[in-house]
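Participant: Sequence first, predicted model second:
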Amino acid sequence: GSPRRAMDLNVTSAAVVALARPRRGGHEGASDWVVACVVSIVCSMLTVVGFVLQKTAQKQAIVSPTRWAVGDIVLTPRWLLGFVFAVVLPVPVQIFSYSIAPMSLMAPLSGVGVALNMAAAPVLLGERRQTFPDVPAIGLILIGTGLTTAYGSHGDGHRDFGQLERLFSAAAFLWSLTVLVCSIALCMMYMAWRKAEIESCARTRPANPNIVQVMMPAAVAAGCGCIANMFLKLIGELMRERAPFLPVGACLIMAGIHGLAQLNYLNRGLKLYLQTIFFPIYSALLVLSSTIFGLIFFTEYKALFAKGMSCVGFALGVVIIVIGVSMFTLRRSEAGALLADQLSVDGPPITGPAAEMGCRGSPRPSPVVAPKAGDAHSPSPETA
């Protein structure tokens, strides 16, 4: 009968929540954060594959424009397949990982995606890898990710709906959220104001673009992604505490709105810049914003500051990640990279316009030196 079905439904819901609830005692409870780390790395792999598919869809749309586009999103079959890999599959897994581990621990693990992207983008997209600074940057990112994972807060306490409401209304969080929203708005206005100049510069400097301009879509995407991750974390917390559907649904809507904005500006960055360059910068900004907001909103900094060495190790890991990603600003122009490759194998030097390529992609004129009087190689008046 109906009461019997209702009782079965309640038992099933309780079983699902029990599976997602982290165990607090013994070896199983201590391994929850390990499981969350493994799951986060799998999410990074899916995300990189999705971005590669969306990048190829953006390149195809430039050659043959499609009618089906929303903002910077091109609704082609390949892009939709990338959407499945980058969003549809990782989001439920992220909710699960956020429900069993602190947000400040999960956020830095996106640095693994940078290393995976650096390995996949040159092969799948044909983008040129530069041994320096790409390889040292990958090494620093992996070292920093290891430090933040080892020294981050590995515990995550229970929070009911009332506690989450108080955390959301805390003054420190509201001030930090205001700063983030204002920064996102300023970046969006700058990109709208200088749109033609940004697109022209991206076309003429593909291998070494203006990093400030690259950071604009990356910052908007990372900021929106940080807010979306925060709401995904809230969904995990609320589901773990078996909260009513209304607050869970509200958090899901907010996560979806910011996730769509994140996806739009991610595609703008992928359309304008090499994925080898854009993805690491975006990932670094997402790591910093999500880590800082996780520490502020959930007051996870208290557990981190309780142990001095953990705090130092965690901060050092974040700094190393930032340094590693910043090294991509040392990339040379395409002509400079070709010249360096030829010199490294003692080949003939590159001559002509490619060797004279300037920072904005236009050839620099060769200096004209007036011949000296009596020079054997100077042209005679008749030949001149």
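Facilitator: Nice, thanks for sending it over.
Participant: What mean pLDDT does the strand or helix carrying C182 get?
Facilitator: Using DSSP states H and E, C182 maps to helix 171-193. For helix 171-193, the mean per-residue pLDDT is 91.
Participant: Just name whatever secondary elements the helix or strand just after it is in contact with.
Facilitator: Downstream of helix 171-193, the next assigned helix or strand under DSSP H and E is helix 195-204. If you count contacts as 3 or more CB pairs under 8 Å, 6 or more residues apart in numbering; DSSP states H and E, helix 195-204 packs onto helix 211-240, helix 245-272. (C-beta placed from N, C-alpha, C; glycine too.)
Participant: hmm, back to that, how about residues contacting the helix holding C182?
Facilitator: 167, 198, 216-217, 219-220, 223-224, 226-227, 268, 289, 292-293, 296-297 (CB atoms under 8 Å, 6 or more residues apart in numbering).
Participant: pLDDT-wise, what's the bottom of the residues you listed?
Facilitator: I292 (77).
Participant: Tell me which residues touch L81, please.
Facilitator: So L81 contacts L53 (CB under 8 Å, 6+ apart).
Participant: List the buried residues for whichever strand or helix holds I41?
Facilitator: Assigned by DSSP H and E, I41 belongs to helix 32-63. Buried residues in helix 32-63, counted by 16 or more other CB atoms under 10 Å: 32-33, 36-37, 39-40, 43-44, 46-58, 61.
Participant: any idea which element the residue most central in space within the chain lies in?
Facilitator: Residue closest to the average C-alpha location in the chain (CA atoms, centre = their mean): S283, at 2.4 Å. Assigned by DSSP H and E, S283 falls within helix 275-297.
Participant: helices or strands up against that helix?
Facilitator: Packed next to helix 275-297, using 3+ CB pairs under 8 Å, 6+ apart, are helix 32-63, helix 103-106, helix 111-125, helix 131-151, helix 171-193, helix 211-240, helix 245-272, helix 308-326.
Participant: re the thing from before, please identify which of the contacts of helix 171-193 is nearest to F314.
Facilitator: F314 lies nearest to I292 out of the contacts of helix 171-193, by CB to CB, at 11.8 Å.
Participant: ok, how many other residues are close to the closest one?
Facilitator: Counted with other CB atoms under 10 Å, the neighbours of I292 add up to 17.
Participant: what's near enough to touch it?
Facilitator: With CB under 8 Å, 6+ apart, I292 has these contacts: S176.
Participant: try P122
Facilitator: R128, R129, T276.
Participant: part of a strand, is the second one?
Facilitator: So that's R129. No - counting by DSSP: H, G, I helix; E, B strand; the rest coil, R129 is not part of a strand but coil.
Participant: just checking, it touches M118?
Facilitator: Yes - with contact defined as CB atoms under 8 Å, R129 reaches M118; the gap is 7.2 Å.
Participant: for the stretch 1-150 of the chain, what are the low-confidence residue spans?
Facilitator: 1-30, 102-111, 149 (pLDDT under 70).
Participant: Distance from the chain centre to the helix holding S283, please.
Facilitator: Computed by CA atoms, centre = their mean, to the nearest Å, the chain-centroid distance of helix 275-297 equals 6 Å.
Participant: Which SSE is immediately downstream of that helix?
Facilitator: Using DSSP H and E, the first helix or strand after helix 275-297 is helix 301-305.
Participant: Please give the centre-to-centre distance between that following helix and its chain.
Facilitator: 25 Å.
Participant: And the average pLDDT for that helix is what?
Facilitator: pLDDT averaged over helix 301-305 gives 74.
Participant: Show me what counts as buried in it.
Facilitator: For helix 301-305, by 16+ other CB under 10 Å, it's Y301, A303, L304.
Participant: tell me the pLDDT at the residue nearest to the centre of the chain?
Facilitator: At S283, pLDDT is 82.
Participant: Hmm, V112 and it touching each other?
Facilitator: No - using CB under 8 Å, S283 is not in contact with V112; the gap is 9.3 Å.
Participant: ok, the nearest residue to I227 once chain neighbours are set aside to N264 distance?
Facilitator: Spatial nearest neighbour of I227, chain neighbours left out: H258 (4.5 Å); criterion: CB to CB, 6 or more residues apart in numbering. With distances taken as CB to CB, to the nearest Å, H258 is found 11 Å from N264.
Participant: Please say which of those two ends up with more neighbours.
Facilitator: The neighbour comparison of H258 against N264 (other CB under 10 Å) goes to H258, with 21 against 17.
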